[in-house]
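A.B. asks: Sequence first, then the predicted structure, then my questions.
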Amino acid sequence: MNLQQRVKRITEILNALFPNPSIPLDHKDPFTLLIAVLLSASCTDERVNRTTPKLFALADTPQKMALLDVDDVEKVIHSLGLSKAKSKNIVALSKIIEELHCGKVPHTFEELEALPGVGHKTASVVMAQAFHQPAFPVDTHIHRCARRWGLSQGKTVQVTEKNLKKLFPEKSWTKVHLQIIYFARQYCPSRGHHKAICPICSML
């Protein structure tokens, strides 16, 4: 099976198992999505979804969030890990969005990545999900599967992202990104992985 055939088969399996994947982080607009993705670093989506309703009850817009005290934000998100840094970044980026972007989440990679605590992966998720722009966010799940499936030998998520973008059609990037995440969690975990029963690894 050559690389093109492998990509075709992987795509078929992902489409069969997860035909219409939705982003696992609860949100209602670009700002709440941005905050949820930022909070998901080193934390599960389930824990983030249990916490964000409490945070957004206090403030669900840049204007409101910018007025909060960092300590008050930290009290709400303390269970998510890295809470001190996340709290500072949330308040700081809210102030920047309010002051420099007229209260609207910016919709370019350059502007998003200039915000405190917002890296390329977070910016990619926001660009793809909130603004429907071509992006292929690569997290540890996707990085792991890409190596296991022989799609990339990149040692960094940046290299893996470049490799995957070349293999999959641009219009499918957002969908494939989510499909691989769901697949990795259910069938291809980091620990306790059994190649023989993994729908993709078993056929490679």
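C.D. replies: Alright, I've got the coordinates.

A.B. asks: make it CA atoms for all contacts and neighbour counts henceforth
C.D. replies: Fine.

A.B. asks: in the longest helix along the chain, what counts as buried?
C.D. replies: Looking across the chain with DSSP state H, the single longest helix is helix 83-100. By neighbour count on 16 or more other CA atoms under 10 Å, the buried set for helix 83-100 is 83, 86-98.

A.B. asks: show me the contacts for the residue sitting nearest the centre point of the chain.
C.D. replies: In the chain, the centroid-proximal residue (CA atoms, centre = their mean) is Val125; its distance is 5.0 Å. Neighbour list for Val125: Val37, Ala135, Phe136, Pro137 [criterion: CA atoms under 8 Å, 6 or more residues apart in numbering].

A.B. asks: follow-up on the earlier one: closest to Gln179 out of the buried residues of helix 83-100?
C.D. replies: Distance from Gln179 was checked for each of the buried residues of helix 83-100 by CA to CA. The minimum falls on Lys86, at 27.3 Å.

A.B. asks: OK, contacts around the closest one?
C.D. replies: Leu38, Leu39, Glu74, Gly117.

A.B. asks: Determine which two of those residues are furthest apart.
C.D. replies: Glu74 and Gly117 (14.8 Å).

A.B. asks: Considering the contacts of Val125, which possesses the most neighbours?
C.D. replies: Among these, Phe136 has the most neighbours (other CA atoms under 10 Å), with 26 neighbours.
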